[in-house]
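Asker: The following block contains a protein sequence and its predicted model.
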Amino acid sequence: MSSLSATPGGYSQHTPSPYSFSVASTRLSSRPSFHLSNLFLRSLSLVLSSVSALLVASPSNTKNSNQKSSFYQSPELLYCFIAIVSVFTYSAYQLFKGVSDITYRGVLISDIVSDYSSFPLDQLAAYLLISSSSVAVTAIQQNELSTALKRATIVSVCMSFAAFVVNATCALLSGYKLCTRIIW
């Protein structure tokens, strides 16, 4: 059945029946799924960075006094810890922003400011994670760390790299969101 009918002067539109099936009314909006996937990635980044920071900061017991038994005695691991805590803080902020966007529909933080700030900050967070991982790898290779701290640092580097992959994905999504704002 067509919504247009022939009249002597041309075509006229009829109002569709409220009981008719419409494809447009059943289509899901892409905005909630985009927000939920972004929220999932931000929460995953928060968990991975917190586990990574906790592993670097975990206390280690050593019997040999010439080995470094704590992360703050090694400048490489201190940088790694500071970078991971910075990414953890940024991930917590983005998670709060995502929840407030869904809950309050963008009233607390405007979409324009969020789009223009999220893209470079996501890239900065990803850079901090990959650079701290590479610095931690050099600290592991120096053999100055205690065995327990070395094991914790290895697992922390793995978690930090996983958080890097998640933050890189978030950077791609925020770049896409920014490009759609600028171009369309």
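Answerer: All right, it came through fine.
Asker: contacting residues around residue 175?
Answerer: By C-beta atoms under 8 Å, 6 or more residues apart in numbering, residue 175 lies in contact with 119, 122. (C-beta placed from N, C-alpha, C; glycine too.)
Asker: Which strand or helix spans it?
Answerer: Element membership for residue 175, per DSSP states H and E: helix 147-183.
Asker: so where is the protein shaky, pLDDT-wise?
Answerer: Across the chain, the ranges flagged by pLDDT under 70 are 1-32, 59-69, 106-107, 184.
Asker: Taking the centroid of it, which residue is nearest it?
Answerer: Note on the chain: the residue nearest the mean C-alpha position is residue 42, at 3.7 Å, using C-alpha atoms, centre = their mean.
Asker: And the host helix or strand of that residue, what does it pack against?
Answerer: Assessed by DSSP H and E, residue 42 sits inside helix 30-57. Contacts defined by 3 or more C-beta pairs under 8 Å, 6 or more residues apart in numbering; DSSP states H and E place helix 30-57 against helix 75-104, helix 111-141, helix 147-183.
Asker: other SSEs contacting the first one?
Answerer: So that's helix 75-104. helix 30-57, helix 111-141, helix 147-183.
Asker: Pull out the buried positions in the first one.
Answerer: Judged by neighbour count using 16 or more other C-beta atoms under 10 Å, the buried positions of helix 30-57 are 38-39, 41-53, 55-57.
Asker: And the longest one, by the same measure?
Answerer: Within helix 147-183, the residues that qualify as buried by neighbour count (16+ other C-beta under 10 Å) are 149-150, 152-153, 156-157, 159-164, 166-171, 173-175, 177-178.
Asker: just stretch 108-124 next, same as before
Answerer: For stretch 108-124, the neighbour count (16+ other C-beta under 10 Å) marks 114, 115, 118, 119, 121, 122, 123 as buried.
Asker: Please apply the same query to stretch 81-97.
Answerer: For stretch 81-97, a neighbour-count test (16+ other C-beta under 10 Å) marks 81, 83-88, 90-92, 94-95, 97 as buried.
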